Structures are given as structure tokens and as C-alpha cells.
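In: Make a model of this:
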Amino acid sequence: MPITMYEDSLDLVFPYRTDVDVGEPIEGATSERPFDAFAGETGQQDRQPTGRQDGGLGGRHDAMGQADNSEVAPLAAALKAIARAEKCCARIPERDVDEKTAKGYMKTFLRMYKGGSLDPLVPGIAFDTYYYRRAALHFGGVTVIRKLTEWVRASVVRQDKAEAAKMSGALRKLVDKIEIAFERDPPGKPNVLPWEGPTSRFHQMAIASVTTLPRGANSKKHVLGKLDRAWDQQLWLKAVEVKFLYLLPLAVHLTVPVRPEEMVPGERPKGWSPGIVLDLPDPRRLEIRFMPVKSHHGCYGTELTTVTLDPTIADEPAKYLAACCREAGCHMVVSVKSKNAVRKAIKVLGETAFPECEVTITPTVMRHQLIADLKKTFGAGQEVATASGHGTDRTQARYGYLQHGRKRRGYIEFLSARTPRAGNIERTKLFEKRPHPKK
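Out: Numbers count the residues shown, from 1 in each chain. Modelled structure (predicted):
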């Protein structure tokens, strides 16, 4: 497990930052009794009897090999803190993670620490999020303990009693918090399958709750039924009213079923994508192009999708895109630096527009709604797959239900560089039309 710290805000965890060059490990620090060199009770050195040891002569005369207790105590306490920290870290199995994952874990761990709670289980949290936060707790907890242990060890090597006392005190406080968290959410046992081990706290809470919904009940394709039929129009009106910061990205999400990350510029299997490209060759023809990111290294997906619609009869978000494109010279690019920033802003906008609604509005909810609308408008099949960037018409079955869709106006055609594999929907329809034998 790497010890490199990926955050500049470590003063939050380590109030005493020290740049040190860690030397050789201290003998005894990893032993069962890391402070054997300081054995004996207070006032005793090498188990010699208590009392005066100067042969009756006045003044202080320490025997050979003896040291002042005031000098030894801070170093002994530091070694004891190191041993306890290493014992705490030993509870977590070693794990190799890449740099991107390590950064994500550390960011989540520091956010939990700053929030004042290292409990990965939060009411209303998703199943996968709980496991990610628990993994971040294990990785981040071990990483910060080991880093601070290095600094304590270095202060002992330098025989810096004041620094050792200060750093070991910080280490003890840190271990106090993390030990409790590790005890509450221990790692899974090695070589034991998840369903063979003990029930996680997440499932224990779900079993204990009488209001627990079946797994997937709150997925995006199910929550559409809890929303008003015109919820997206109401959301747009509220965004215009409050002068929403991400009005252009919101308009795209309400017009084309794009994924949030497809607005972020970056490399795609077929080249560089600047984001969502808009062209207005004619007042009644708005072309919206995007390169799907979910292509499995170019093996699937449409590579490039173009959605063409008539903004004069389409909904208000499409008209807004056409007006902005016209002002930009009939060509523009809509892109964002952070999909998470847009997602969080849309979530807050949804809470503002629907304060009593229990559904969290996200770009993915809009994607599910648009796919359901396209199913209602064109019927499930190749057109919906092309507009969604899918490699096959089978994938759309995982998105919004037909009964939650509304017929949309203004869509002219859907084109793609790679034609989605079709036939699954048609075979299903033929199977449904087959006469069933009488019982």
C-alpha cells in the first residue's frame, strides 16, 4: 500500500507537519514489546532497586548505562505509540491500488475526517457508495497512520524529545479515532466470498428496517414514475428563473440523452472530443453531435452520434440551444470541466424546484427520461439505440420504461458512425405475437 499523500490539506489530519528523511527502523519498534530498552517501572533502570544509588555521596551520580527518566519517557512513549499504530494497520490486509484510485480514496477519507465522522454508513446512502467509503476508510486510515508513524520514528532517531512527545501525541489521537472505525467496519476476511462472510452493516440496517425497498427500487428507471409528467419543463423554468450557472449543459441534458462525462473534453476511441458540438445550418435544423465515452476501447457504441431536430417546434431547451448557437455564428461547443460539479448543481436545482419530492434529480435521470420519451415517440429499436450511443438495441431495456415516456416533437433523424446492432426488439415483438397453446 503506497504511503504517498495526494492531498495538500493534510494539516487537517496532521496538525504538525514536518519534512523529515526517515532513516533505519528503530530496533524494538515492531517487536511485541517495542519499549524493552526502557523496561522497568518508573524510577527504575535495568531493574535496580529503588532509593539512593550514589553510595551515600552528595549530588547525583547515575550508574553506567543509566539515563534521566525525563529524557527516556518521551522516547519510550513514542515507541509505544508506534507499536500501537502498527498493530492498528496490521488489521487491514495489504492492497495494491493504482494512483487514480488512491487519490479518490484519500479524497473521500479526508472528506469524512473533516466532516467529523469516519463512519462509512450514512442514512440513505447507496449500496455501492457504502462499500467505496469503507474501502476509502481502510486505505486512507492506514496511509495517514503510516505517514505520521514515519515522522514519529524520525523524531526518535534524532533524539528530539519535544518533537517526539508532540508527534506521538498526535499519532495516539489519530489512532484512537481510526481504531474505533476499523472495529466498527472491519475488512472482509481474505479468500472468503462476500456471500459466505458475515452480513455487512449496510444489509443489517436494510434487514432491520421495515420500510426497506427491494434492491433497485430507487434506480433511475423506476423513479420516473414518482415524478410529475412535466417535471423536466418545470425544472427548466426554475433554472431560467434563478439564472442557473450551467444553463447550457442543462439544456443539452434535457434535449439529447448524453452521459454527463460526454460533455468533458477528452480522448475517445476514435479521436479527440471537444464536448457536445452544435451546428445550425438552417433555422429549422439543429444538429447536435457527441462521441460516446462508453465504448469498451472502441469495440461497442456508435463512435459518433448526431441528433437532428427542428428547434422551432421542439421544447424550450432546444430553442435555447438554437438561439445560443445562432449568436455564436451557427457553430458552438458545449463542454464542462467537471461532470461532478454539474451533477451537484443540478441536484441542488432539483431540490429547489421540487422541495417535497423524494427523487434526486441528476443528469442520469434526464437520460432515462429522454430514452423513455424516444421509445414512446419512435418505438423501441434502432433509432433509440442510435440516439443513446448504444451498440445494440438490447441495452435500452435497462433505461426508462415505455409507460413513463411522453411523445416528443421536433426530432428529425438520428445518425451514427457505427450502426447499432438491431433485431432484438423485433424478435421480442414476433415472439409476443405468436399464438399461445390453450391450457
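
In: which residues of this protein fall in helices?
Out: In the chain, the helices defined using DSSP state H lie at 69-89, 99-114, 127-157, 161-184, 201-208, 220-223, 231-241, 247-253, 316-327, 339-353, 363-378, 382-388, 424-433.

In: Pipe those helices into JSON lines and attach mean pLDDT, distance to G271 and mean neighbour count per row.
Out: Every residue, glycine included, has its C-beta placed from N, CA and C. JSON lines is the format used below for the helices of the chain (pLDDT from 0 to 100; distance: least, C-beta to C-beta, whole Å; neighbours: other C-beta atoms under 10 Å):
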{"stretch": "helix 69-89", "mean pLDDT": "84", "distance to G271": "45", "mean neighbour count": "19"}
{"stretch": "helix 99-114", "mean pLDDT": "92", "distance to G271": "23", "mean neighbour count": "17"}
{"stretch": "helix 127-157", "mean pLDDT": "91", "distance to G271": "32", "mean neighbour count": "21"}
{"stretch": "helix 161-184", "mean pLDDT": "92", "distance to G271": "45", "mean neighbour count": "18"}
{"stretch": "helix 201-208", "mean pLDDT": "65", "distance to G271": "42", "mean neighbour count": "13"}
{"stretch": "helix 220-223", "mean pLDDT": "74", "distance to G271": "30", "mean neighbour count": "18"}
{"stretch": "helix 231-241", "mean pLDDT": "96", "distance to G271": "32", "mean neighbour count": "18"}
{"stretch": "helix 247-253", "mean pLDDT": "97", "distance to G271": "20", "mean neighbour count": "23"}
{"stretch": "helix 316-327", "mean pLDDT": "97", "distance to G271": "23", "mean neighbour count": "19"}
{"stretch": "helix 339-353", "mean pLDDT": "94", "distance to G271": "20", "mean neighbour count": "16"}
{"stretch": "helix 363-378", "mean pLDDT": "94", "distance to G271": "23", "mean neighbour count": "22"}
{"stretch": "helix 382-388", "mean pLDDT": "92", "distance to G271": "19", "mean neighbour count": "25"}
{"stretch": "helix 424-433", "mean pLDDT": "62", "distance to G271": "29", "mean neighbour count": "12"}
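
In: Format these as JSON lines; extra columns: distance to L415.
Out: JSON lines is the format used below for the helices of the chain (distance: least, C-beta to C-beta, whole Å):
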{"stretch": "helix 69-89", "distance to L415": "56"}
{"stretch": "helix 99-114", "distance to L415": "34"}
{"stretch": "helix 127-157", "distance to L415": "35"}
{"stretch": "helix 161-184", "distance to L415": "52"}
{"stretch": "helix 201-208", "distance to L415": "44"}
{"stretch": "helix 220-223", "distance to L415": "26"}
{"stretch": "helix 231-241", "distance to L415": "24"}
{"stretch": "helix 247-253", "distance to L415": "18"}
{"stretch": "helix 316-327", "distance to L415": "17"}
{"stretch": "helix 339-353", "distance to L415": "25"}
{"stretch": "helix 363-378", "distance to L415": "14"}
{"stretch": "helix 382-388", "distance to L415": "7"}
{"stretch": "helix 424-433", "distance to L415": "19"}
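
In: For K270, which of these is the nearest?
Out: Across the helices of the chain, the minimum distance to K270, taken as C-beta to C-beta, is reached by helix 382-388, at 15.8 Å.

In: I'd like to know which of the helices of the chain is closest to T305.
Out: Going by C-beta to C-beta, the one of the helices of the chain nearest T305 is helix 382-388, 6.2 Å.

In: same for the closest one, what does it pack against?
Out: Secondary structure elements in contact with helix 382-388, counted by 3 or more C-beta pairs under 8 Å, 6 or more residues apart in numbering; DSSP states H and E, are strand 305-309, helix 363-378, strand 411-416.

In: send the alpha carbons of it over as CSV?
Out: Only the C-alpha atoms of helix 382-388 are listed here, as CSV (Å, rounded to 0.1, in the frame of the first residue of the first chain):
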residue,chain,number,x,y,z
GLN,A,382,-32.5,1.2,-33.6
GLU,A,383,-33.5,4.9,-33.5
VAL,A,384,-33.4,4.9,-29.7
ALA,A,385,-30.1,3.0,-29.6
THR,A,386,-28.5,5.4,-32.1
ALA,A,387,-29.6,8.5,-30.1
SER,A,388,-28.4,6.9,-26.9
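
In: quick one on the thing from earlier: out of the helices of the chain, which gets nearest to S416?
Out: helix 382-388 (4.7 Å).

In: Distance from that closest one to the middle of the chain?
Out: Relative to the chain's own centre, helix 382-388 is displaced by 29 Å; criterion: C-alpha atoms, centre = their mean, to the nearest Å.

In: Next, count neighbours for Y411.
Out: 21 (other C-beta atoms under 10 Å).

In: got a list of what it touches?
Out: Each residue near Y411 by C-beta atoms under 8 Å, 6 or more residues apart in numbering is listed here: V307, T308, L309, A314, L374, T377, F378.

In: How about A126?
Out: Contacts of A126 by C-beta under 8 Å, 6+ apart: none found.

In: Could you check the pLDDT of it?
Out: A126 is assigned 76 on the pLDDT scale.

In: returning to what we had before: dump the helices and strands packed on helix 382-388 into a markdown table; add distance to K189 as well.
Out: Converted to a markdown table, those look like this (distance: least, C-beta to C-beta, whole Å):
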| stretch | distance to K189 |
| --- | --- |
| strand 305-309 | 46 |
| helix 363-378 | 35 |
| strand 411-416 | 47 |
